[in-house]
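Participant: Fold the stuff below for me.
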Amino acid sequence: MDLSVGYKQRVEILKILLRGAKILLLDEPTAVLTPQETAELFVQLKNLKKEGFTIVFISHKLNEIKEICDRITVLRDGQVVGTAEIGEVSEQDISRMMVGRDVELVTHKQPKEPGEVILDVKNLTVPSKAHKNDAVKHVSFQVRAGEILCLAGIEGNGQTELVYAVTG
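Facilitator: Residues are numbered from 1 along each chain as shown. As a prediction, this is how the structure comes out:
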């Protein structure tokens with residue numbers, strides 16, 4: 001049976017709880033989750049907190065830290081930079097502690113005109129080796145010189161097969 005990453009994560013948490021753990025250490029638990037799966041995880045973590053469990057939530061996602069945590073400790077270069085109650089710090093404060101300086105979220109770059117098309121993929125379909133459905137279905141895109149193309153998705157949704165098909 002194929003389970004989503006979110007369900008696999010829940011099963012692992014349940015296994016730990018059944019063994020009697022009272023402290024959960026979660027390292028980037030939302031990194032491969034959809035927003036809906038993240039919201040569901042947060043509901044469960046909040047319920048566990050109400051039941052007296054301790055949760056250490058490691059993340060770089062400031063909005064998630066602000067949503068789920070009561071207190072924050074920031075490490076930089078292996079040293080504790082600071083600890084604060086989450087209601088007493090802003091995302092800007094947290095990013096300053098993480099980076100060691102103010103973080104400017106607006107970049108000042110001149111617009112760049114993309115160059116000529118150097119990769120043109122049209123209607124690519126790649127069969128899956130793991131199941132009966134195609135791993136990639138009718139995908140088309142272009143990449144131009146001087147451009148960065150991002151392929152985004154949850155693990156197991158065809159990115160690897162797409163890259164292998166394009167690169168041979």
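Participant: where does the protein dip in pLDDT?
Facilitator: 1, 105 (pLDDT under 70).
Participant: do that again at 80, thanks
Facilitator: Counting by pLDDT under 80, the chain has low-confidence residues at 1-6, 104-107, 130-131, 152-156.
Participant: for it, which residue is closest to the average position?
Facilitator: A31 (2.4 Å; C-alpha atoms, centre = their mean).
Participant: Is it correct that it falls within a strand?
Facilitator: No - A31: not assigned to a strand; according to DSSP: H, G, I helix; E, B strand; the rest coil it is coil.
Participant: mind checking how far it is from H108?
Facilitator: 30 Å (C-beta to C-beta, to the nearest Å). Where C-beta positions appear, they are placed from N, C-alpha and C, glycine not excepted.
Participant: what about the strands in this structure?
Facilitator: Ranges of strands in the chain, per DSSP state E, are 23-27, 54-58, 71-76, 79-85, 117-127, 134-144.
Participant: Dump the ones you listed to JSON lines, plus distance to Y164 and mean neighbour count.
Facilitator: Below are the strands of the chain laid out as JSON lines (distance: least, C-beta to C-beta, whole Å; neighbours: other C-beta atoms under 10 Å):
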{"stretch": "strand 23-27", "distance to Y164": "28", "mean neighbour count": "13"}
{"stretch": "strand 54-58", "distance to Y164": "32", "mean neighbour count": "14"}
{"stretch": "strand 71-76", "distance to Y164": "37", "mean neighbour count": "14"}
{"stretch": "strand 79-85", "distance to Y164": "41", "mean neighbour count": "12"}
{"stretch": "strand 117-127", "distance to Y164": "8", "mean neighbour count": "12"}
{"stretch": "strand 134-144", "distance to Y164": "9", "mean neighbour count": "14"}
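Participant: and of these, who's closest to T167?
Facilitator: Counting by C-beta to C-beta, T167 lies closest to strand 117-127 out of the strands of the chain; the figure is 10.2 Å.
Participant: Strand 134-144 and that closest one, what's the angle between them?
Facilitator: Here strand 117-127 runs at an angle of 180 degrees relative to strand 134-144 (axes from the mean of the first three to the mean of the last three C-alpha atoms, to 10 degrees).
Participant: Kindly list the longest helix within the chain.
Facilitator: With secondary structure taken from DSSP state H, the chain has its longest helix at helix 35-50.
Participant: Report the buried residues of that helix.
Facilitator: For helix 35-50, the neighbour count (16 or more other C-beta atoms under 10 Å) marks E37, T38, L41, F42, L45, L48 as buried.
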